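Engineer: Just need the structure, nothing else, for what follows:
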Amino acid sequence: MFYITGDTHRDFTRVHNLPKGSTLIILGDAGINYFLNKEDKELKEYLNSLDITFLCIQDNHEERPENIPTYKENKMYGGKVFIEDDYPNLIFLKNGEIYTINNKKVLVIGGAYSIDKNIRLLYGWHWFKDEQLSKSEMNTILEKYQGTHVDVILSHTSPKKFEPVEVFLSGIDQKTVDKTMEEFLDTVEETIKYDKWYCGHYHTEKIVDKIEFMFENIKEFR
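Structural biologist: Below you'll find the model as predicted:
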């Protein structure tokens, strides 16, 4: 069975009730490559002991797997993925790839801006410079897929027009938030045909039109 959920931030308590042999899609901020030290290794060893396959997309609160030497590029589900030899059940999907997952044609577009970037830099907390897609990555996705139809789009953040403004943090001046990714996803939403779109990032559960925001809930991906 295939399932989908939102940000986990290293807390995988919610997966304990999944059937053995399940595959779980995490819509970013899994937190698996956050500390880049033995703490990550301990988490990976724990997750590797579970009879669950994790499919993770890029986010803004962990390092991209392509920037970590232990990850190798492979091909699964009809597209390129990143996997470490020691943890074969922890699979990171690549931005701009189309996969066949549970008989669905799925386009993956990860990445987002950290609204707490300045605080993280001030206090020396982890911040990852490649958290958003580059302009080149964005252009490549649009050039390859404009006019294409996919069954599902998976992203971390959402198109700007669908942002859940009611959950924005009151202490953050939205004028200081870089909306490059959200504006890019507006263009994706307007030019790539899709039947369903899932995203995380906002720590809320909400459905607007064909777009579903996910956080702690787990549902079947079908």
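Engineer: Which residues does the helix or strand of the chain with the lowest mean pLDDT contact?
Structural biologist: For the chain, counting by mean pLDDT, DSSP states H and E, helix 117-123 ranks last in confidence among helices and strands (a mean of 86). Helix 117-123 is contacted by residues 114, 125-127, 176 when judged by Cβ atoms under 8 Å, 6 or more residues apart in numbering. Heads up, the C-betas are built off the backbone N, CA and C, glycines and all.
Engineer: at 7 Å instead, please
Structural biologist: Here helix 117-123 makes contact (Cβ atoms under 7 Å, 6 or more residues apart in numbering) with 114, 126-127.
Engineer: Return the member of these nearest to Gly200.
Structural biologist: Among the contacts of helix 117-123, Ser114 lies closest to Gly200 (Cβ to Cβ), at 13.8 Å.
Engineer: Check what pLDDT the closest one gets.
Structural biologist: Looking at Ser114, its pLDDT reads 94.
Engineer: The chain: helices as residue ranges?
Structural biologist: Taking DSSP state H, the helices of the chain run over residues 38-49, 117-123, 135-145, 180-191.
Engineer: Which one of those has the poorest average confidence?
Structural biologist: Among those, helix 117-123 scores lowest, at a mean of 86.
Engineer: So the closest residue to Leu133 other than its chain neighbours versus Thr13, what's the distance?
Structural biologist: Leaving aside its sequence neighbours, Leu133 sits nearest to Gly111 (Cβ to Cβ, 6 or more residues apart in numbering; 4.6 Å). For Gly111, the distance to Thr13 (Cβ to Cβ, to the nearest Å) stands at 26 Å.
Engineer: More neighbours: which of those two?
Structural biologist: Set Gly111 next to Thr13 and count neighbours by other Cβ atoms under 10 Å: Gly111 wins out with 26 against 8.
Engineer: Hmm, the more buried one is touching Glu182, no?
Structural biologist: No - counting by Cβ atoms under 7 Å, Gly111 does not reach Glu182; the two are 10.6 Å apart.
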